[in-house]
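Peer 1: make a model of this:
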Amino acid sequence: MAETDPKIQLLDAALAHVPFDGWSETTLREAARDAGLDAAMVRIACPRGAVDLAVAYHEAGDQAMLRRLEETDLSGMRFRDRVAFAVRARLEAVEDKELVRRGMALFALPPYAGDGARLIWNTCDHIWTALGDTSRDINWYTKRATLSGVYSSTVLYWLGDDSPGHAASWDFLDRRIDNVMQFEKFKAQARDNKLVSGLMAGPLAFLSRIKAPDAPSPTGMPGRWSGPK
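Peer 2: From the prediction side, this is the model:
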């Protein structure tokens, strides 16, 4: 989006109001006033109201993370450290924790819970894609689902962390990723075990029909089934 995009103008103006009024219609009205945009332009930029601003804020953070990943030489890192760096880069893109805290309160509401889940999923998809993930089968989903759990729990810990430089949060993140790596090791061992492989032959054949999406879903949610309709 160009810098003159009214949604960007609204978002920039809203950031000063969110800590006090949340991602609310009050914030949207004040942002419109500060940006000098009329009601018609606001409706075009944010047809669902303030929730569209909250979504735009999260997506802007994802783009800031991706820029940092592009600018950083990750070649000397272990893969698990690359994942940790990406999650940390995403959180360090936040200017004010209160903006995230208010966003979590909004996306906890039933009408917007789907938006919140989609945003977390997309953040983790961005991370895996940026780190070179090429999986196209069930692993495409399990990687993103697992990282979504790591990311969500780390955000909650980080919001309450007042340690210098958020050191406690990064330690927490490392522990969660270590847990994931242990699970991945267990999965690899299970695949190599002939008895387990034999018992799992049926379920694995079923799961082999699940494929990564070839294109963005019109619903915004991932998924494709290659079996009979």
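Peer 1: only C-alpha atoms from now on, for both contacts and neighbour counts.
Peer 2: OK.
Peer 1: distance-wise, check the nearest residue to Thr123 once chain neighbours are set aside relative to Asn122.
Peer 2: Closest residue in space to Thr123, ignoring its immediate chain neighbours: Asp62 at 6.2 Å, by Cα to Cα, 6 or more residues apart in numbering. Distance of Asp62 to Asn122, given as Cα to Cα, to the nearest Å: 9 Å.
Peer 1: checking Arg126 next. Helix, strand or coil?
Peer 2: Wrong residue type there; residue 126 is His, not Arg. helix (DSSP: H, G, I helix; E, B strand; the rest coil).
Peer 1: where does it land on pLDDT?
Peer 2: Note for His126: predicted pLDDT of 98.
Peer 1: neighbours of it, how many?
Peer 2: Using other Cα atoms under 10 Å, His126 has 18 neighbouring residues.
Peer 1: give the contact list for it.
Peer 2: Contacts for His126 (Cα atoms under 8 Å, 6 or more residues apart in numbering) come out as Asp62, Leu66.
Peer 1: what's the answer for the one 4 residues further on, then?
Peer 2: Neighbouring residues of Ala130 by Cα under 8 Å, 6+ apart: Leu66, Leu69.
Peer 1: cool, the one 10 residues further on as well?
Peer 2: Contacts of Trp140 were listed using Cα under 8 Å, 6+ apart, and they are Lys211, Ala212.
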